[in-house]
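A.B. asks: this is the structure alone, sequence omitted:
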């Protein structure tokens, strides 16, 4: 109990109680600041020490803070208390003023390190003592030698030597190097974990600096570039399409609930502590569909790979549509469907056009000769010869239910394709036509219907139109399409399909002919003996 | 400030071109120290925040580089991680247009748009040094180059003149190339036989230098005929003799760098030469360059150049944010140094011989 008389003990006791109960650690901070300010109290203590009033807490405190007692000073510091400013700051920020002061101090220290040289003597040359600088300005003798080619080659630059003897491997990501802005104050620094590294290095992220506007796709390129430059192993796959960026925890663990970051977004949009780059199967398998519109109709081309150029697409089109190239000639122009009259560069990447709809046309108007030929009867051999070429026709498709629908009928030696045009009608569900493609193998026949035959089925009276029936094999049974077109067009289609069919006799044709023969042979018997 | 501008990842297993230094700077206020061989900038990239970088110079001992900008000249330690300069040189009023040094770095010179050329003692800060000097011209100065004798400074100004300033005795001499144009750059070959200059009209001037006999002797005394060649269609920017003295390269705003054969220039000059001329005369001649270095539709203004010591390769800095390394035999680009975000206008290169 006697101890309670001792103010030092009391203070120390209070302090320890706080230490045990104050979880906010406010107490420790307060104490450190206190101790730091003990010196200004020193003179006051000197005054106070004359009055020996133990009841005064101030005096007791000041007494306690007397540096004379090393043991107590020791006690004043909890062993947890670290004087280092940075460590204190780790759990509690200091006041703004303190921080600003610290910053100023740092800058001043920095400035002190920089040597300043000012030209002290700004007078023009004529006022200068000519004897000045005679030690510094000593002329060097120059030996002028006649040019000797043999002597010239004695020096070899290390750089030139290296360039010849050690050619560098090509960095496939070098195009992204321009994005690297390490060292610039505006740089956004991004920590990236690299799971492809050996186990031991995986925990250490690579820091990449780029602009906030950099898209994630470009950032992946930059990461790959920096990885390659730093000669990290194993080597990366040579294209950014094999990689994606995922959000990661500070520890490098991927946040599973988030998908990979969208490659088109600027990285500045996100504020994650770190990211991880992951290998993926490239999106190449995702087809890229391009539509080419031509004089009559259109055709769709499926391409793979995001780097495809317009030329690739056109070549693909020609490959699929045999004969189209002959028809259109070697001089053709591709334009945007929305921007006619502006020829596009064939070597530009498809994704640079921001559209998948193009128009393909011959450079000059097609030669008159060809046009005439179309309508004049051709030699049968010639007809056979050109029949296989790709042709498209706009025709009306006659449906059993609902009204006629305009479709594009594409005929080539390989297949027949039916593509409906976009419908404006609201209740399109009723007579929607599904696009269809039939291999020529399964086309059984083609017939031009006489008006009489048509009248049997439909309320059709137009004399300038013809109906065309195309029969195809669907599994075991035969089905047909009915089209309506102008007389000329219908007979042209009919001619073409017949010529193609004639060139290749298929099972479907044979089966259909057999069936038709049967039907025809049955018909007369029906007429002659209707109820038999 | 940006201590981690130095890479934190593992370093390449070996640095093959240690000691070969290439620095570049420009309007993006960034100075980059490149690995000239690998074409990357992982050594240093520091921001020169106060102004653009007009000119760069590497000290002969390879440990510092000096950058000149608007009203400032700063000396940085190449190998330090510190992005702050080690020394600043104060007292210049306008843009510093060029800087260079004595071959032992016993003094440094700057030229400025304030019309003065200054000599600095690069190490002394007390001001009592004997070598602080200043030379004032009538017009803003564009460029300065030290004569190979290390004591005469040649500076060019915006009113068509070249000044020769002898530092030993402060003697100076002027020749007027063309009053109507601004002389952008002047250079002297390693054996001090010739001087060349380019002006803002695209003309190249090729002059023969005398061997000075005694003190206060002018350089243009004996030979008073010089060549004037329409080298570029636009603004000329820089000209430089190759270290072997066999060629001159001029760079210009017409997006090209042109290589000229000195032997051919010599021959032309001899043809034109007439003795006993009182005044300096410039004979216009037409000549084709030995090689034109250009990248159609890619390269823009070519601001600066630097040779490798064997004169086989050439660096150029261009407004398309790119530093390029050209092979002067094939005329092809061997390396491209990408990383600057704005025009690169200053280059400094320090080569090293093969051991």
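C.D. replies: Perfect, I can see it now. Computed from a prediction, not measured in an experiment: that's the story for all the values here.

A.B. asks: show me where pLDDT drops low in the stretch 201-350 of chain B?
C.D. replies: Across the stretch 201-350 of chain B, residues meeting the criterion (pLDDT under 70) sit at B:212-218, B:221-223, B:275-277.

A.B. asks: enumerate the residues of it near chain A.
C.D. replies: The stretch 201-350 of chain B has residues B:211, B:244-246, B:263, B:308-310, B:312-313, B:321, B:327, B:334-335, B:338-339, B:341 near chain A, with proximity defined as C-beta under 8 Å from any C-beta of the partner chain. From N, CA and C alone the C-beta is placed, and that goes for glycine too.

A.B. asks: list the buried residues for the helix or strand containing residue B:250?
C.D. replies: Assigned by DSSP states H and E, residue B:250 belongs to strand B:247-252. Neighbour-count burial for strand B:247-252, counted by 16 or more other C-beta atoms under 10 Å in any protein chain shown, picks out B:247-252.

A.B. asks: nearest spatial neighbour of residue 198, chain-adjacent residues omitted?
C.D. replies: The chain I'm using is chain A. By the measure of C-beta to C-beta, 6 or more residues apart in numbering or on different chains, the closest residue to residue A:198 outside its immediate chain neighbours is residue A:233, 7.8 Å from it.

A.B. asks: that's the wrong chain, I meant chain B
C.D. replies: residue B:236 (3.2 Å).

A.B. asks: residues near the one you found, how many?
C.D. replies: Neighbourhood size, residue B:236 [other C-beta atoms under 10 Å in any protein chain shown]: 27.

A.B. asks: please name the bridge partners of it.
C.D. replies: The bridge-partner assignment for residue B:236, based on DSSP bridges, gives residue B:252.

A.B. asks: can you pull out the helices in the stretch 101-250 of chain A?
C.D. replies: Under the criterion DSSP state H, counting those that start in this stretch, helices of the stretch 101-250 of chain A are mapped to A:149-152, A:158-165, A:216-229.

A.B. asks: hmm, back to that, between strand B:247-252 and the helix or strand that the strand holding residue B:250 is followed by, find me the angle.
C.D. replies: Proceeding N to C from strand B:247-252, the next assigned helix or strand is strand B:257-261, under DSSP H and E. Per axes from the mean of the first three to the mean of the last three C-alpha atoms, to 10 degrees, the angle that strand B:257-261 makes with strand B:247-252 is 150 degrees.

A.B. asks: ok now do the closest residue to residue B:235 other than its chain neighbours, which residues does it touch?
C.D. replies: Taking C-beta to C-beta, 6+ apart, and ignoring the residues beside it in sequence, residue B:235 has residue B:253 as its nearest neighbour in space, at 3.8 Å. Contact analysis of residue B:253 by C-beta atoms under 8 Å, 6 or more residues apart in numbering or on different chains lists B:232, B:234-237, B:301-302.

A.B. asks: and residue B:147, how many neighbours does it have?
C.D. replies: Counted with other C-beta under 10 Å, residue B:147 comes out at 22.

A.B. asks: swap in the one 4 residues further on?
C.D. replies: Counted by other C-beta under 10 Å, the residues lying close to residue B:151 total 20.

A.B. asks: okay, it: pLDDT?
C.D. replies: Confidence at residue B:151, expressed as pLDDT, is 87.

A.B. asks: one step back: any idea how far the residue nearest to residue B:198 lies from chain A?
C.D. replies: 26 Å (C-beta to the nearest C-beta, to the nearest Å).

A.B. asks: what about the helices in chain B?
C.D. replies: Counting by DSSP state H, the segments of chain B that form helices are B:262-272.

A.B. asks: and the stretch 301-450 of chain A, by the same measure?
C.D. replies: Taking DSSP H, counting those that start in this stretch to define them, one finds helices in the stretch 301-450 of chain A at A:310-320, A:324-328, A:368-375, A:380-387.

A.B. asks: kindly report which one of these carries the lowest mean pLDDT.
C.D. replies: Among the helices of the stretch 301-450 of chain A, helix A:368-375 has the lowest mean pLDDT, at a mean of 42.

A.B. asks: in contact with residue B:85, which residues?
C.D. replies: Taking C-beta under 8 Å, 6+ apart as the contact definition, residue B:85 lies against A:114, B:74-76.

A.B. asks: in CSV, list the buried residues of strand B:247-252 along with distance to residue A:205.
C.D. replies: Listed next are those as CSV, based on distance: C-beta to C-beta, whole Å:
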residue, distance to residue A:205
B:247, 49
B:248, 50
B:249, 45
B:250, 48
B:251, 42
B:252, 46
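
A.B. asks: which of those residues lies closest to residue A:201?
C.D. replies: In terms of C-beta to C-beta, no member of the buried residues of strand B:247-252 lies closer to residue A:201 than residue B:251, at 44.6 Å.

A.B. asks: and the gap between residue A:223 and chain B?
C.D. replies: Distance of residue A:223 to chain B, given as C-beta to the nearest C-beta: 11 Å.

A.B. asks: count of residues packed around that residue?
C.D. replies: 25.

A.B. asks: isn't it up against residue A:207?
C.D. replies: No. Using C-beta atoms under 8 Å, residue A:223 is not in contact with residue A:207; the gap is 10.4 Å.

A.B. asks: now do the shared contacts for the two.
C.D. replies: With C-beta under 8 Å, 6+ apart, residue A:223 and residue A:207 have common neighbours residue A:192.

A.B. asks: run through who's touching stretch A:206-215.
C.D. replies: Applying C-beta under 8 Å, 6+ apart, the set of residues contacting stretch A:206-215 from outside is A:179-184, A:186-194, A:218-219, A:222-223, A:226-227, A:230, A:232, A:263-268, B:4, B:8-9.

A.B. asks: buried among those? Make that a ChimeraX selection.
C.D. replies: Selection of the buried residues among the contacts of stretch A:206-215 in ChimeraX, burial being defined by 16+ other C-beta under 10 Å:
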select /A:179,180,181,182,183,184,187,188,190,191,192,193,194,218,219,222,223,226,227,230,232,263,267 /B:9
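
A.B. asks: restricted to strands, list the contacts of stretch A:206-215.
C.D. replies: Of the positions in the contacts of stretch A:206-215, A:188-193 sit in strands, assigned by DSSP state E.

A.B. asks: so where is the stretch 301-450 of chain A shaky, pLDDT-wise?
C.D. replies: For the stretch 301-450 of chain A, the stretches with pLDDT under 70 are A:304-307, A:351, A:364-388, A:402, A:423-431, A:450.

A.B. asks: all set now, cheers.
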